[in-house]
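A.B. asks: Quick one, what's the 3D model for this:
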Amino acid sequence: MSKQPKNQKDQNTQETDSVRADKWLWAARFFKTRSIAKAAIEGGKVHHNNERIKVSKEIRIGMELTIQQGFDRKTVVVKALSNIRGGAPAAQLLYEETEVSIARRELISTQRKLHNLARPEHRPSKKDRRDISRFRQENDAGYAQNWSYHDE
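C.D. replies: Alright, predicted model coming up:
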């Protein structure tokens, strides 16, 4: 086994016109490991032109990818290629998120925050439960009279 000289470029740093999807997603720091990126791709979480892609799909500059991560769905345009994982600032140079995607994610984030605010902080008191029960009974009675089936 021979060592390569330090000044010689290895295969990972050569300029190419395309990179495998799992490598690019890993290098762009969307996923922590290549195996997680592979599982996400195989699970249908990564799309190009509204179609699922395969792990071996060649990513090229200018491609638009939609990546689903939990609640977040990001639409990004590939700006540069790399199959080496660098730091976060270097990874952010590999793609640009679309304006529509940013706006949609902010809207969904706001909706999730507001949804959690609607919950009461404590359990209703006995009086509150009686009021709720009375309210439901009054409204259910009117519903049954107006919409129930009558055989005449």
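A.B. asks: low-confidence ranges in the chain?
C.D. replies: 1-15, 141-152 (pLDDT under 70).
A.B. asks: can you give me the helices for it?
C.D. replies: According to DSSP state H, the chain carries its helices in the segments 21-27, 34-42, 88-92, 99-117, 126-147.
A.B. asks: Settle this for me: Arg85 is touching Trp26, isn't it.
C.D. replies: Yes. If you go by CB atoms under 8 Å, Arg85 and Trp26 touch, sitting 6.0 Å apart. Just so you know, the C-beta spots here come from the backbone N, C-alpha and C atoms, and that holds for glycine as well.
A.B. asks: who's more crowded, the two?
C.D. replies: Trp26 (23 against 16; other CB atoms under 10 Å).
A.B. asks: Distance check, that one against Ala88.
C.D. replies: 13 Å (CB to CB, to the nearest Å).
A.B. asks: which residues does Thr33 contact?
C.D. replies: Trp26 (CB atoms under 8 Å, 6 or more residues apart in numbering).
A.B. asks: what phi and what psi does the backbone show at it?
C.D. replies: phi -130, psi 160 (degrees, to the nearest 10).
A.B. asks: Then the one 10 residues further on?
C.D. replies: Main-chain torsions, Gly43, degrees, to the nearest 10: phi -80, psi 0.
A.B. asks: Counting neighbours, what do you get for it?
C.D. replies: Gly43, neighbours per other CB under 10 Å, totals 10.
A.B. asks: do the same with Leu94
C.D. replies: 22.
A.B. asks: Grab the nearest non-local neighbour of Ile59.
C.D. replies: Trp24 (4.4 Å; CB to CB, 6 or more residues apart in numbering).
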